[in-house]
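Enquirer: Build me a model from this:
(chains A, B, C, D and E, ligands or ions: 5)
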Amino acid sequence: MKVDVSGLTKSFADRLVLDGISLEVSDGEFVAVIGPSGCGKSTLFNLIAGLDTPSSGSIRVGGDDPTTSSHCAYMPQKDLLFPWRTVLDNTTLGLEVQGMSKRQARERARTLFDTFGLAGFETARPSELSGGMRQRAAMLRTVVQDREVLLLDEPFGALDALTRTEMQSWLQSVWQQYRSMVLMITHDIREAVYLADRVVVLTARPARVRREFVVDLPRPRDLSALTSPEFVAIEHELIELLHEEMQQVTPSDPSAPDRGPAKRGRGPVA
Amino acid sequence: MKVDVSGLTKSFADRLVLDGISLEVSDGEFVAVIGPSGCGKSTLFNLIAGLDTPSSGSIRVGGDDPTTSSHCAYMPQKDLLFPWRTVLDNTTLGLEVQGMSKRQARERARTLFDTFGLAGFETARPSELSGGMRQRAAMLRTVVQDREVLLLDEPFGALDALTRTEMQSWLQSVWQQYRSMVLMITHDIREAVYLADRVVVLTARPARVRREFVVDLPRPRDLSALTSPEFVAIEHELIELLHEEMQQVTPSDPSAPDRGPAKRGRGPVA
Amino acid sequence: DNGTTDATKIRFALDWTPNTNHTGLFVAMREGFFKDAGLDVEVLPYNTASPDTLIDAGNAEFGVSFQSSATFAKAAGADVVSVLAPLQHWATGIGVRADRTDLSSPKTLDGKTYAGFGDAGEVETLKQVIRNDGGTGDFKNVTLGTSAYEAVYDGQADFTVPYFAWEGIEAEHHGTPFKYFHYSDFGFPDAYAIIIDGSEKWLKDHPEEARKFVQALQKGYQLAADDPSKGAQDLLDANPGAFTDEALVRESQKMLAEKYMKDSTGRVGNQTLDQWTGYSRFLFQRGVLTDGSGKALTTEPDWSTYFTNEYLSGQ
Amino acid sequence: MSTSAVSRFAPALVGAVVLVGAWQAYVSVSHIKPQILPSPWRVATQGWSHRDVIGTNAVATLQVTLVGFAFSLIVAWTLAVAVDFSGWLRRALLPMFVTSQTIPIIVLAPMMITWFGFGLLPKVLLVALVTFFPLAIGLIEGFAATEREAGALLQSMGASRWKQFRYVRLPTALPRFFTALRIGVTYAVVGAIFAEYAGAENGLGIYMARQKQMFRTDLVLAAVVVTAVISILLFVATYAVERVVAPWARQERQKR
Amino acid sequence: MSTSAVSRFAPALVGAVVLVGAWQAYVSVSHIKPQILPSPWRVATQGWSHRDVIGTNAVATLQVTLVGFAFSLIVAWTLAVAVDFSGWLRRALLPMFVTSQTIPIIVLAPMMITWFGFGLLPKVLLVALVTFFPLAIGLIEGFAATEREAGALLQSMGASRWKQFRYVRLPTALPRFFTALRIGVTYAVVGAIFAEYAGAENGLGIYMARQKQMFRTDLVLAAVVVTAVISILLFVATYAVERVVAPWARQERQKR
Ligand SMILES: Nc1ncnc2c1ncn2[C@@H]1O[C@H](COP(=O)(O)OP(=O)(O)OP(=O)(O)O)[C@@H](O)[C@H]1O
Ligand SMILES: Nc1ncnc2c1ncn2[C@@H]1O[C@H](COP(=O)(O)OP(=O)(O)OP(=O)(O)O)[C@@H](O)[C@H]1O
Ligand SMILES: Cc1ncc(C[n+]2csc(CCO)c2C)c(N)n1
Ligand SMILES: [Mg+2]
Ligand SMILES: [Mg+2]
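Expert: Numbering: from 1, shown residues only, chains lettered A, B, ... in the order given. Ligands and ions are numbered 1, 2, ... in the order given. Here you go, the predicted model:
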């Protein structure tokens, strides 16, 4: 299994969003994608998952065209839970599509409800969930599918720090166990470095690959890794790089009294 | 202007969500609300904004019932941008409702587009925005209204670190200038401590006020405040507290290899 | 209505799309008989409301009706009275397709399907004719209205009631002729196939105009009876685009003029108590007439109040 | 239950009472002839005393309505699904659907009789013809209202066109379908009455026509009342069905 | 433009050609009598040679259709908005709307004539009566489809009921309204033809009735063709209006 993106461009009307992205991800790799808000990360994932077609360039997932095959389980940024299904039945959707019986699919999804902090909400409607719970349900729907490639678009954005840590740990352990390929968009540089083998940094729109960092920290990583000099070095470099990109996408607000992050290379909440 | 919440409870069917919340926020105060995912933060804000009615207890905003008066500008967790309006016209909605002429409202909103990194997207439809851009548009729609109370439900959740820092700085400066009251839900403990005068910590569902921390750091805060001993002390205490709450809401996953955050008091990405 | 300065407005309701049963009306219009009498006559288009209903409700002063409908209407208290009979006899009969050898007389219609019009009295009439011929009078009655004739042509229904001088000729022109069982051949009383009904109340309130109108109309029908080709032409001219088969109109008018319009004296329009009594008494005796509250009539009405010759031109 | 039921049906009752009261008052004051406008009281009493005949005819009409509408549902679903699966078919069939609605009954009735006689069939077909159109349009536009992303997500899961349809397009269409169902079922009853003009031995349409010829306006209106009651019951039934089949669609509205 | 126009209209054309071809073939082979089923060729040529009369009648019908439908739109909007503002009114009026749809034309026509004579008015009212129902139901359910949160957000901005309606409920309803508009406008044409039976001097309905009496099935069908063309044009026009008034509603569908 290999994901092979080459020379990918994508425009909406005359707005160029992806400007020649090339990327190779091989079996069992965990890749994080970061880049300024609005640069084209979700667009890239949509294309890899086969939800949309490139303007030019090619994408191969396991050698196949993603629009006609399905090696990926995709968790889009919008949670896209369906109001006509209970929470449990939303999470079994992928399995049902794959032809699993409803009963079996439910059994399988149900085992994860506890881990995802959704126990007791199996028969609730999505409208009864909080924002973070929706995100977890969408994640559950994705990972339960057992695909060769996981595409996760900001899977932990709406979670509090501790729930987030739990989920990250869980994801790492699952990934280590099954060695599926994971591509994850995140805004959190530490999350990226903590979880990924490689971090791909995109430029501001139109997105190009600005740089790739290999995170060569030992596995399994625990939280002590965060204080290792390698970690801090990579983190720092990433912050610098991203900041350069930011300057291009968000013209700075002259009224802002504190331009600190630019100088210090790190926001209050990195 | 004062927000006065007392003995507030709220149930959905027989699911008790808020269990006797009392809270006072006075003029010009900046209060951050944190609590585990799904505990009832958004529910509380919905009630303060008058979107829903309490099961028992009372809410007064400037002495008035929030369901019949409107002192608050609310940014809900779902962005609720309307597909039938352009991005610019989505941001002018509150002003138009207040009776401002369309032309004037547009003029006023337009001046903020640059600051919010949305320049060039005035005439786009919301469906053409990225996740982070939608969140910024929703924030713009809220702050442009110039209300006495700002209610922000995770305003920066979908933003990358640097855009987020920019927006935080901007918010602090605006708040300092106009001294409006701000209530903000966040999952980010550092964000809470960095911006707020007071941090209210809620318990896991059913939510009660677990504790309130007064953040007595000088203003304007710049990023150096983050390293002050007071800051670190409050941050640490908050993390401990929240972790206790978490234990109740998400039963831990026995397969998770790393239970570090609990012991270390801090996740990889706090 | 103040008919002193302006021409008096008279609304006239039709029973069917324009046909030769209406020729007198259109002749009177084309020849200016109404205008000469200072009358402004408006022909109301054919619609789903029956002329008797329109007259009774005050939406028309006059209209084309049938002796059966008028009898039902008046028994129920409707404000109608027959003022002129354009056709002196039945001009309809039981029609079956000419090639139906199995249908040789009314009694063979037992158990067959009647393509009907939902008209008051039609079923009673047919039943009696069949019984008079020795049948039981039990047949299937399907209400079809305008589609009745097609249903018989293509065999879905077995019999219907055509006007000899209209659907009858039409059927011949299209190669699917009817054969008929005439009511009078089976001991059934004669009746006026077509009458002109007027509002009794309006007649009373406008005796002058009423007389002028009825006489102008009578003059029209008389002309159509005396000079059928002129009558037909007036009918055609008054309804441009309405008739695609002009020969049908001319033939039909000729047939009516020869066989149905004139009484023994050659006059058009007169009605007699005998003829009214014959058919209307039959309806009464069958117990189908009801009063205004829906109760069956128990005493026989005075049939002379159901029509009047008072407004016709003097002998 | 009982107080909420009262508050639910009270407005309709008040409305009906006001209307009927005004009508009765008008009739009493104006001394209008009963064959032109009978009093509601008279309609009720006369209708009641003819309940056997009206009932028999109502059953005939109800049968045509139900069978015809069931057939209409089958046709509408089949065509709408076909159209949803093929843009080509959509563009070919949509004009035909519209055309089918423009053929007046006087043209259609004789053809129906020629082809199908006087049985249930032609009437059922007429009811279907009148009612399939709103159902089909409602379904077609309901399917098309599916969010692009939702369909795409299913596709990314490896869902075939058919599964995308079943899991996303179909549920998305249901709320609009029920709107269309309410329109369709209301037309079904008038459609049936109307179809009786294409040739029927009995049924409320025929009954009304006959009574009208007999100047029995009171009985005509009694039959109209029966028709209205049938229609309203069917209309209300759609809400019940919706609550079972698509409960999420109404949650929203119940809050109001 | 030209290739996309071709691909857009080709299916409809192919469909029409196949249908007309089959019809012509059937007529040629079966030697069916023209008064039962004339050939399309005959319909076309005869229709063409009577184009003046048909045209005059078509104009009359079109006038009734347009005026009646405009009136229907006004009525439907007024009632739907009123119903949206008051749950009480909704429960009082909805049963009346349904009832209004159950009154058959044979009952209605004489009343219409009694009250409004034979002018344009009764026909306009009949068209409105036939078409306001789908419009009103579509609007009412469209308004009600508003997300609760969206309305609440507006309320939190201090929006009055009216402003909530204007800024949220109204735009939410538009997609469904256009679905209902397509149903309504199609019925409007048949409704007009139908209304002509309640009394009209000219119009396609009257023309068809007359030609049918004369057994000119070919001319009847020629008039049906004209009716169909008018209906399809009005139907297509709704898409154009929708593109202007509610462009966001169709963006989705255009992608398919
Ligand atoms: N359907 C669309 N039509 C037009 N423009 C679009 C569309 N989808 C995305 N874009 C544009 O493409 C750009 C990239 O969008 P994308 O959603 O990929 O950003 P992103 O990197 O995921 O941002 P975020 O971190 O905020 O989610 C944005 O400028 C957006 O306006
Ligand atoms: N409409 C509703 N019906 C039923 N339950 C609801 C509803 N809205 C919220 N809840 C429940 O109330 C609880 C609190 O929800 P709320 O959205 O307030 O959480 P939150 O603190 O904002 O969480 P998050 O940080 O994940 O957004 C949740 O358990 C949720 O399931
Ligand atoms: C020309 C012409 N043809 C048919 C009828 C319809 N019609 C009404 S009453 C009746 C007799 C049987 O009830 C018939 C055949 C008509 N009025 N004029
Ligand atoms: Mg994104
Ligand atoms: Mg929340």
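
Enquirer: Compute the number of surrounding residues for residue 203.
Expert: I'll assume chain A. A:T203: 21 surrounding residues under other C-beta atoms under 10 Å in any protein chain shown. In short, each C-beta sits where N, CA and C put it, glycine included.

Enquirer: Let me rephrase: I mean chain D.
Expert: Neighbourhood size, D:G203 [other C-beta under 10 Å]: 27.

Enquirer: I'd assumed D:E196 was in contact with it.
Expert: Yes - if you go by C-beta atoms under 8 Å, D:G203 and D:E196 touch, sitting 4.3 Å apart.

Enquirer: Burial check on the residue of the stretch 151-270 of chain A found nearest chain C, number of neighbours?
Expert: Nearest residue of the stretch 151-270 of chain A to chain C: A:D153, at 64.7 Å (C-beta to the nearest C-beta). Neighbour count for A:D153, taken as other C-beta under 10 Å: 24.

Enquirer: Next, the residue lying closest to it once chain neighbours are set aside: secondary structure please.
Expert: Spatial nearest neighbour of A:D153, excluding adjacent residues (C-beta to C-beta, 6 or more residues apart in numbering or on different chains): A:Q77 at 4.3 Å. Secondary structure, DSSP: H, G, I helix; E, B strand; the rest coil: A:Q77 is coil.

Enquirer: shared neighbours, D:G203 and D:E196?
Expert: Common neighbours of D:G203 and D:E196 are listed as D:T61, D:V64 (criterion: C-beta atoms under 8 Å, 6 or more residues apart in numbering or on different chains).

Enquirer: Need the residue closest to the centroid of chain A.
Expert: Geometric centre of chain A, nearest residue: A:M184, 2.6 Å, by C-alpha atoms, centre = their mean.

Enquirer: what is that one paired to in the beta sheet?
Expert: Note on A:M184: beta-bridge partners A:A32, A:L152, judged by DSSP bridges.

Enquirer: Go ahead and confirm D:E196 touches D:I206.
Expert: Yes - at 5.1 Å, D:E196 counts as touching D:I206 under the criterion of C-beta under 8 Å.

Enquirer: more neighbours, these two?
Expert: Just comparing D:E196 and D:I206: by other C-beta under 10 Å the higher neighbour count belongs to D:E196, 27 against 24.

Enquirer: any idea how far that one lies from D:G205?
Expert: Distance of D:E196 to D:G205, given as C-beta to C-beta, to the nearest Å: 3 Å.

Enquirer: Please apply the same query to C:I130.
Expert: For C:I130, the distance to D:G205 - C-beta to C-beta - is 26 Å.

Enquirer: do A:N90 as well
Expert: For A:N90, the distance to D:G205 - C-beta to C-beta - is 49 Å.

Enquirer: which of the two has more neighbours?
Expert: More crowded of A:N90 and D:G205, by other C-beta under 10 Å: D:G205, with 28 against 24.

Enquirer: what sits against that one?
Expert: Counting by C-beta under 8 Å, 6+ apart, D:G205 makes contact with D:T61, D:A192, D:I193, D:F194, D:A195, D:E196, D:Y197, E:P104, E:I106.
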